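[1] Compute the structure for the input listed below.
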Amino acid sequence: MFINEMTPLTRRPEEIQARLIPDDWEGDLITENHNQSAVATLVERKTRYVIVGHLPDSHDAEVEKERLTKALGDLPQYLRRSLTWDQGAKMAGHRAFFVATNMDVYFCDCGPP
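    Coordinates of the predicted model:
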C-alpha cells in the first residue's frame, strides 16, 4: 500500500526523458513461477549499464528498498539522480528509498483501465 504520493513518469524532467546524461535508472522485479524468489534489475537509461540483485527469500517492500538502496548506494551521487519503477506494491517504501539515496522516484502510468 502506498502511503506517500507517487510522482508519475509524465513529471520526469526532459533531460531524463532524452537520456542526456548517465544518472537515471529504471528498475523492475522479476519473480519465478511460485513467487518464491526474485531478481531486481536496475538499468541505467543512457549507458544501459545493468545491476542485478537476487532476492532469494523475501521480496516485500522493505527488503526491496534495502536491497535497492545498497545496490545504488555504492555508486557516486552524480550517477544516481532518479529511479523509475512500475506501480507494484514492492516500491511502497519509495519515500524511505528517496531519503536513503536522495534519488527521485518516478512511477510508470497504469494505462487505460
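[2] helix or strand right after the longest helix seen in the chain?
    Using DSSP state H, we find that the single longest helix of the chain is helix 61-73. Later in the chain than helix 61-73, the nearest helix or strand by DSSP states H and E is strand 82-85.
[3] can you give me the strands for the protein?
    7-8, 24-31, 38-44, 50-55, 82-85, 104-107 (DSSP state E).
[4] tell me what the lowest-mean-pLDDT helix or strand in the chain is packed against?
    Least confident helix or strand, the chain: helix 61-73 with a mean of 81, by mean pLDDT, DSSP states H and E. Here helix 61-73 touches strand 24-31, strand 38-44, strand 50-55, helix 94-101, going by 3 or more C-beta pairs under 8 Å, 6 or more residues apart in numbering; DSSP states H and E. All C-beta spots, glycine's among them, are computed from the backbone N, C-alpha and C.
[5] Please repeat the previous calculation with a cut-off of 6 Å.
    strand 50-55, helix 94-101 (3 or more C-beta pairs under 6 Å, 6 or more residues apart in numbering; DSSP states H and E).
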